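K.L.:
This is a predicted model, with the sequence first.
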Amino acid sequence: MQSSKVRAVLVCGAAALALCLVSGFRVVSAADVVLTTREDSLGKPGPGTIPKSLAVSPDSKRVAYATKRGAKLWVVLDGAEGKEYDGMGGLVFSPDSKRVAYAAKRGDKGLVVADGVEGKEYDEIVAVLVFSPDGKRMAYAAERGGKQLVVVDGAEGKEYDGVGRLVFSPDSHRVAYVAGPGGKPLVVVDGVEGKEYSGIGASVPRFSPDSKRVAYVAGRGEKQLVVLDGVEEKEYNGIGASSLAFSPDSKRVAYMAGRGDKQLVVVDGVEGKKEYDGIVVGSPVFSPDSKRVAYGARRGDKWLPVVDGVEGKEYDGIGEGPLFSPDGQRMAYEARRGEKWLVVVDGVESKKEYDAIEAGSLGFSPDSKRLAYAAKRGEKWLAVVDGVEGKEYDAIEGGPVFSPDSKRVAYRARRAEKWLAVVDAVEGKEYDGFLKGSRLVFDSPSQLHTLALVGDEILRVEVEIVMPETEPSGAPRPHL
């Protein structure tokens, strides 16, 4: 049975502490912010735990892993043990975090176990399990008699020499995957086979946000091309499969293409006017309103942003992106000048430069008015929020995150050997670590959670943000 620990933790902000009163769960403080912490144990992984099997749910509230004793393996989900098998792998949570599935081995047969229910046995389970975005459907690839097939919601598809790269559409209604009949791969969408090619790009087929369109990269001899809704586009020496992107309104498509030793961006089938020596990873990107396209490019030894075909200032390097704000009106990116990094927002350079900016940490607030990122100076890391530097730490993990109302910002930091959550510059309780794969998630403007470690014990940690005028429960502050 899971244990539950509840602790009231008092943390004071910049204002001087006038008076603190702790009685049970009652917390009163004159600090700017008070943080109260609740911890729920998800168990202690035993000595037989297989570290690489560890899976964290998308909402960072649940944990599953495989453990071994003797010749048997089983899954531990949120501290509860499942059934024993002879082999196990591919642990995965559904996007809504409510379901979990994995591949298991019983004797010389493979099967999928979803929510504790066993599926049909096959010679082998060969592809990663995939849940639909709504979490209600599931697909995987299996092998039988030397042939492979895709199983969707328990229904078997056609057999091929090989299958893989399964993907559901955003609305969860459609399924696409790559199949290889006789060594000539093709894409299967909703059970309908596409044309055979000499190769299919490394990424899975892409559905548009409205789920109505499909695109993928295919090879023909030494050339590559994009197949959009079954129609072939122009051939190039190479196409960045990971660069293939639909616009948010599903009407537009962009990707990076290679011609000779140069690269260019193709938008809606139209080539960019200029070729470059390189295109930044993660480019191109559409703005949320689908009207603008941006990417980073290299010319010689210099890098520059390109927005709607217009080149920006050159730098010695540019980070991944660029990044549009949620309202599509603003844009930011990381740039390197010499050995130092800075952030450029709406064309304006940050006043301070740093030794590094954590990859993927740059982010706008939901209302598009604020910007935060994690930066390194010397051996220390700090969060920069709206251009204001926070306290220095030995590490910052994952970068800052904003609350849904954009008013608060939080991040996970390490000081010496201990880790802690920091909310609006106020430090929370220290832990031995945060679970790999977990995130710091706001559940509401006043509450957030993550997964932490105390020794070998995994804890689900919920932090409530309380203004000093009220109790954690929302009751009025008592008069003293």
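P.N.:
Yep, that arrived.
K.L.:
which residues touch residue 320?
P.N.:
The contact partners of residue 320, by C-beta atoms under 8 Å, 6 or more residues apart in numbering, come to 280-282, 296, 334, 359-360. Placement of C-beta: from N, CA and C, glycine included.
K.L.:
again, but for residue 342
P.N.:
By C-beta under 8 Å, 6+ apart, the contact set of residue 342 is 334-336, 349-350, 352-354.
K.L.:
and residue 52, which of the three is it?
P.N.:
Assigned by DSSP: H, G, I helix; E, B strand; the rest coil, the conformation of residue 52 is helix.
K.L.:
From residue 437, how far out is it?
P.N.:
Remark: distance between residue 52 and residue 437 (C-beta to C-beta, to the nearest Å) = 11 Å.
K.L.:
burial count for residue 235?
P.N.:
When neighbours are counted by other C-beta atoms under 10 Å, residue 235 registers 17.
K.L.:
I'd guessed it sits against residue 220; true?
P.N.:
Yes. Counting by C-beta atoms under 8 Å, residue 235 touches residue 220, with 6.7 Å between them.
K.L.:
shaky segments in the protein?
P.N.:
Segments of the chain classed as low confidence (criterion: pLDDT under 70) are 1-31, 469-480.
K.L.:
Pick out the residue closest to the middle of it.
P.N.:
residue 58 (8.4 Å; C-alpha atoms, centre = their mean).
K.L.:
So what does residue 239 look like in phi/psi?
P.N.:
Dihedral angles of residue 239 (phi, psi; degrees, to the nearest 10) stand at phi -130, psi 130.
K.L.:
Out of the contacts of residue 342, which sit inside strands?
P.N.:
Using DSSP state E, 334-336, 349 are the members of the contacts of residue 342 that sit in strands.
K.L.:
Would you mind checking which of those is nearest to residue 87?
P.N.:
residue 334 (43.7 Å; C-beta to C-beta).
K.L.:
picking that back up, correct me, but the residue nearest to the centre of the chain touches residue 95?
P.N.:
Yes. Counting by C-beta under 8 Å, residue 58 does reach residue 95; the two are 5.7 Å apart.
K.L.:
can you pull out the helices in the stretch 151-300 of the chain?
P.N.:
With DSSP state H, counting those that start in this stretch as the definition, the stretch 151-300 of the chain shows no helices.
K.L.:
Show me where the stretch 351-480 of the chain has its strands.
P.N.:
Assigned by DSSP state E, counting those that start in this stretch, the strands in the stretch 351-480 of the chain fall at 356-357, 363-364, 371-377, 380-385, 388-389, 395-402, 409-415, 418-423, 426-431, 433-434, 441-444, 447-454, 457-466.
K.L.:
Of the ones you listed, which is nearest residue 86?
P.N.:
Among those, strand 457-466 comes nearest to residue 86, with 26.3 Å by C-beta to C-beta.
K.L.:
Can you tell me what sits against that closest one?
P.N.:
Here strand 457-466 has contacts from 5, 27, 33-45, 61, 63, 79, 408, 421, 423-424, 428-429, 431, 435, 443, 445-453, 472, using C-beta under 8 Å, 6+ apart.
K.L.:
Quick check: buried residues in stretch 68-84?
P.N.:
Using 16 or more other C-beta atoms under 10 Å as the test for burial, stretch 68-84 gives 68, 73-79, 82, 84.
K.L.:
show me what contacts residue 361?
P.N.:
For residue 361, the contacting residues are 372-374, 396, 398-400, by C-beta under 8 Å, 6+ apart.
K.L.:
Can you tell me which of those are classed as buried?
P.N.:
Buried members of the contacts of residue 361, counted by 16+ other C-beta under 10 Å: 372-374, 396, 398-400.
K.L.:
quick revisit: which pair of the contacts of residue 342 spans the longest distance?
P.N.:
Maximum distance among the contacts of residue 342 (C-beta to C-beta): 14.0 Å, for 336 and 352.
K.L.:
These two - which one has more neighbours?
P.N.:
Legend: neighbour count by other C-beta under 10 Å for residue 336 and residue 352, higher for residue 336 (17 against 13).
K.L.:
how near is the more buried one to residue 314?
P.N.:
Separation of residue 336 from residue 314 (C-beta to C-beta): 11 Å.
K.L.:
Could you do residue 401 as well?
P.N.:
Spatial separation of residue 401 from residue 314 under the definition C-beta to C-beta is 32 Å.
K.L.:
Could you dump the contacts of residue 320 into a markdown table and include neighbour count and distance to residue 460?
P.N.:
Below are the contacts of residue 320 laid out as a markdown table (neighbours: other C-beta atoms under 10 Å; distance: C-beta to C-beta, whole Å):
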| residue | neighbour count | distance to residue 460 |
| --- | --- | --- |
| 280 | 26 | 37 |
| 281 | 13 | 34 |
| 282 | 18 | 32 |
| 296 | 28 | 38 |
| 334 | 27 | 33 |
| 359 | 12 | 27 |
| 360 | 15 | 24 |
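K.L.:
quick one: which two of the residues you listed are the most distant?
P.N.:
Most distant of these, by C-beta to C-beta, are 296 and 360, 14.7 Å apart.
K.L.:
How about residue 139, nearest residue that isn't a chain neighbour?
P.N.:
Spatial nearest neighbour of residue 139, excluding adjacent residues (C-beta to C-beta, 6 or more residues apart in numbering): residue 152 at 4.5 Å.
K.L.:
Distance of the one you found relative to residue 73?
P.N.:
Residue 152 sits 26 Å away from residue 73, going by C-beta to C-beta.
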